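>>> Here is my input; please provide its structure:
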Amino acid sequence: YTEAIRFFHHRDNMVRTSVRTLTLAVFRVTDPAMRRFVLHRNSQYYFTHLACHLRDLWFKLDALLCSGAAASQLQEAVDTHEDMLCYLDDVLSLDFPE
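Alright, predicted model coming up:
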């Protein structure tokens with residue numbers, strides 16, 4: 001888990017998808033010790049960087065819109081943004097009382 005989250009913003013979409021799948025699997029573990037580990041050792045770092053990455057995606061999308069970028073570039077940026085929002089929705093939908 002701790003090594004995988006380093007690649008959350010990797011340029012390869014398959015790597016990002018694998019990281020998201022792995023983190024969702026780890027977040028679903030109900031073992032109290034595992035939850036403490038995830039919450040206290042890495043979640044602040046991980047979620048802070050996810051928020052910054054989402055912000056960067058918004059800036060990129062805005063820059064593409066303002067520059068009159070090609071439709072394919074806009075679609076790729078929108079798809080990346082949508083993937084991130086769906087992932088965050090999945091995380092927030094978990095039964096994680098902590």
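>>> Please count neighbours and contacts with C-alpha atoms only from this point.
Will do.
>>> From the chain's centre, how far out is the longest helix belonging to the chain? Work that out for me.
Longest helix in the chain, counting residues (DSSP state H): helix 43-67. Remark: helix 43-67 is offset 10 Å from the chain centroid, using C-alpha atoms, centre = their mean, to the nearest Å.
>>> That helix packs against which elements?
helix 71-93 (3 or more C-alpha pairs under 8 Å, 6 or more residues apart in numbering; DSSP states H and E).
>>> can you give me the angle the helix it packs on makes with helix 43-67?
In terms of direction (axes from the mean of the first three to the mean of the last three C-alpha atoms, to 10 degrees), helix 71-93 departs from helix 43-67 by 150 degrees.
>>> how many other residues sit next to residue 81?
When neighbours are defined as other C-alpha atoms under 10 Å, residue 81 has 20 of them.
>>> Report the contact partners of it.
Applying C-alpha atoms under 8 Å, 6 or more residues apart in numbering to residue 81 gives the contacts 54, 57-58.
>>> of all those, which comes closest to residue 77?
residue 57 (7.3 Å; C-alpha to C-alpha).
>>> pretty sure that closest one contacts residue 77?
Yes. Counting by C-alpha atoms under 8 Å, residue 57 does reach residue 77; the two are 7.3 Å apart.
>>> Only the buried residues of the worst-scoring helix or strand of the chain on mean pLDDT, if you could.
In the chain, no helix or strand scores lower on mean pLDDT, DSSP states H and E than helix 32-37, which sits at a mean of 84. For helix 32-37, a neighbour-count test (16 or more other C-alpha atoms under 10 Å) marks residue 35 as buried.
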